[in-house]
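# Requesting a structural model of the entry that follows:
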Amino acid sequence: MRHGWVYLYESPPAPIRFEELVDQLRHNGISLADPGTGRVIRLSTTGEQILSSREDIIGELANATEVSFNLYFAPSDNVFCSIRKLNDETLREGYSLDGKTEEESQHIIENLTRLFCKRVENGAAFGFVVDKYAELHREFHWDDFFLWDTNSPPEWPMLIGCSVAFHKLSNIPAQLYIRETVGNCILFRGTG
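Below you'll find the predicted structure:
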């Protein structure tokens, strides 16, 4: 698998979305603290590591436009994550799968897919994408598809999810995907 990015589009407040994320992943072997050191790491806007805590990150999310932090599979084996406020109604969570094995990537994707579907059921999310080509198409960002006027990406991703009420469902090419409905959530899983 080419390692790319996962994006989740949702409603604020960011501190609540963060707590849902950490609680969901903790039950599946992914933790906020490095299991080897117990350290929680938040990252500055320049990428500097800042020793932190769950409470510190929650506080930052209440006040900042973007907060970045690490989640851990194993000691010193982390996934970079960020939660960004795009506007008053929308947050974007981003996860880098760079450097992850196929098994690790699939583990995080499936956990985030379940979280997305749960949030859609609660009316707190509307878009989800797993884009293994994100680094190849740096001029395009999924914000343009989910929030603005762009109707299609340069390449369709391996997985895209939307709430049943998402206004661009008809833009997603059915021939490229196996469609799965989970409550109020529609998942399009790539056939190739």
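
# So, low pLDDT: which residues of the protein?
By pLDDT under 70, the weakly predicted segments of the chain are 1-3.

# what about I16, is that helix, strand or coil?
helix (DSSP: H, G, I helix; E, B strand; the rest coil).

# which of the residues in the lengthiest helix in the chain are buried?
Across the chain, the longest stretch assigned as helix under DSSP state H is helix 102-121. Neighbour counts using 16 or more other C-beta atoms under 10 Å place 104-105, 107-109, 111-113, 115-120 of helix 102-121 among the buried residues. Just so you know, the C-beta spots here come from the backbone N, C-alpha and C atoms, and that holds for glycine as well.

# roughly how far apart are the residue lying closest to F145 once chain neighbours are set aside and V129?
Among residues not flanking F145 along the chain, P153 sits closest, at 6.1 Å (C-beta to C-beta, 6 or more residues apart in numbering). Going from P153 to V129 by C-beta to C-beta, to the nearest Å gives 9 Å.

# The two - which one has more neighbours?
Under the criterion of other C-beta atoms under 10 Å, the comparison of P153 against V129 puts V129 first, with 24 against 19.

# And the strands in the chain, which stretches?
5-10, 40-43, 49-52, 66-74, 77-87, 90-96, 125-131, 159-163, 177-182, 185-190 (DSSP state E).

# Give me the sheet partners of the first one and which way each runs.
So the one you mean is strand 5-10. Paired strands of strand 5-10, with direction, are strand 90-96 (antiparallel), strand 125-131 (antiparallel) (DSSP bridges).

# And the longest one, by the same measure?
Under the criterion DSSP bridges, strand 77-87 sits next to strand 66-74 (antiparallel), strand 90-96 (antiparallel) in its sheet.

# Give me the contact list for the shortest one.
Among residues not part of strand 90-96, those counted as contacts by C-beta atoms under 8 Å, 6 or more residues apart in numbering are 3, 5-12, 14, 17, 21, 79-86, 108, 112, 143, 147.

# Could I have the CA atoms of that strand written out in PDB?
Provided in PDB are the C-alpha atoms of strand 90-96 (Å, rounded to 0.1, in the frame of the first residue of the first chain):
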ATOM      1  CA  THR A  90     -16.500  22.300  10.300                       C
ATOM      2  CA  LEU A  91     -13.400  20.500  11.700                       C
ATOM      3  CA  ARG A  92     -11.000  18.400   9.800                       C
ATOM      4  CA  GLU A  93      -9.000  15.600  11.400                       C
ATOM      5  CA  GLY A  94      -5.900  14.500   9.500                       C
ATOM      6  CA  TYR A  95      -3.800  11.400   9.900                       C
ATOM      7  CA  SER A  96      -0.500  10.600   8.200                       C
END
